[in-house]
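Peer 1: Pasted the sequence and its predicted model underneath.
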Amino acid sequence: ITGYGIEREESEEENLLVQIPLAVALVYSLPVVQSTHSTGTKSSSLPLLDVPENPTPQELRCMVTVKLPDSGGRIEPSSDGKTFTEKDRFGVAKRTLWVDRQGKVFAEVVENDDDASGNSIRLGLGDFIFYSVLVSKSAQYSFATFAACVLAILAGLGFTLILLAVYHHALPALPISIFLGVIFYILTRLLIEPWIENILKLPLYV
């Protein structure tokens, strides 16, 4: 079991190692494990201390082995070896990177239709129907219950959006908003409305 655990850790650590140009590693502040300089048919591995503080354009284009963070995005080389794809932690391509002859890093945003539609927020017609029914019923009683239901529904939508950002998948928009709307409608009608009426009955001296 111990040997299997060690092999698994080594394989996971190898998956975090990737070869990219030194310029890209410096831009993303990735720790350099080794830098490979081709000298004829042989290659020598240099530690991080041997990487110059002010690298030349040729050194910036040199391929280095870096360690990617355990939980985070990934940088993968393309088939041609000249461009690199930056992906988020969900494996969605975000940018295409390449290094010019001067050692400058350029990035092009990858347009993904699925990603654009996945980041949009959509409410079905049924959601608006239930919201409007609750708000209209509360408005028939008094303005206080109407205002309480509107604020409760907006608060429920805000909380649903927070959960949407956390879980990253579709969530129903009705439960939280309707629950808060009904609770605040009952509380306003049974507690706040009588309190407001009692205050209005008392004479006010200025």
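Peer 2: Good, I have the coordinates.

Peer 1: By mean pLDDT, flag the weakest helix or strand of this structure.
Peer 2: Across the helices and strands of the chain, mean confidence by mean pLDDT, DSSP states H and E is lowest for strand 42-46: a mean of 41.

Peer 1: can you give me the strands in this structure?
Peer 2: With DSSP state E as the criterion, the chain has strands at 17-21, 32-39, 42-46, 63-67, 74-77, 83-87, 93-99, 105-109.

Peer 1: wait, which of those is closest to residue 152?
Peer 2: In terms of CB to CB, the element of the strands of the chain nearest to residue 152 is strand 93-99, at 37.4 Å. In this view, the C-beta of every residue, glycine as well, is placed from N, C-alpha and C.

Peer 1: need the strands of the chain in JSON lines with distance to residue 149, can you?
Peer 2: Listed next are the strands of the chain as JSON lines, based on distance: least, CB to CB, whole Å:
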{"stretch": "strand 17-21", "distance to residue 149": "54"}
{"stretch": "strand 32-39", "distance to residue 149": "58"}
{"stretch": "strand 42-46", "distance to residue 149": "67"}
{"stretch": "strand 63-67", "distance to residue 149": "53"}
{"stretch": "strand 74-77", "distance to residue 149": "46"}
{"stretch": "strand 83-87", "distance to residue 149": "44"}
{"stretch": "strand 93-99", "distance to residue 149": "41"}
{"stretch": "strand 105-109", "distance to residue 149": "42"}
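
Peer 1: Which one of the ones you listed lies nearest to residue 158?
Peer 2: strand 93-99 (27.2 Å).

Peer 1: Buried ones in that closest one, by neighbour count?
Peer 2: 93, 95, 97, 98, 99 (16 or more other CB atoms under 10 Å).

Peer 1: now swap in stretch 68-79 and tell me
Peer 2: By 16+ other CB under 10 Å, the buried positions in stretch 68-79 come out as 68, 73, 74, 75, 77.

Peer 1: returning to that earlier point: ranking the strands of the chain by mean pLDDT, which is last?
Peer 2: Here the strands of the chain differ in mean pLDDT, and the lowest is strand 42-46 at a mean of 41.

Peer 1: Between the buried residues of strand 93-99, which sits nearest residue 110?
Peer 2: residue 93 (4.6 Å).
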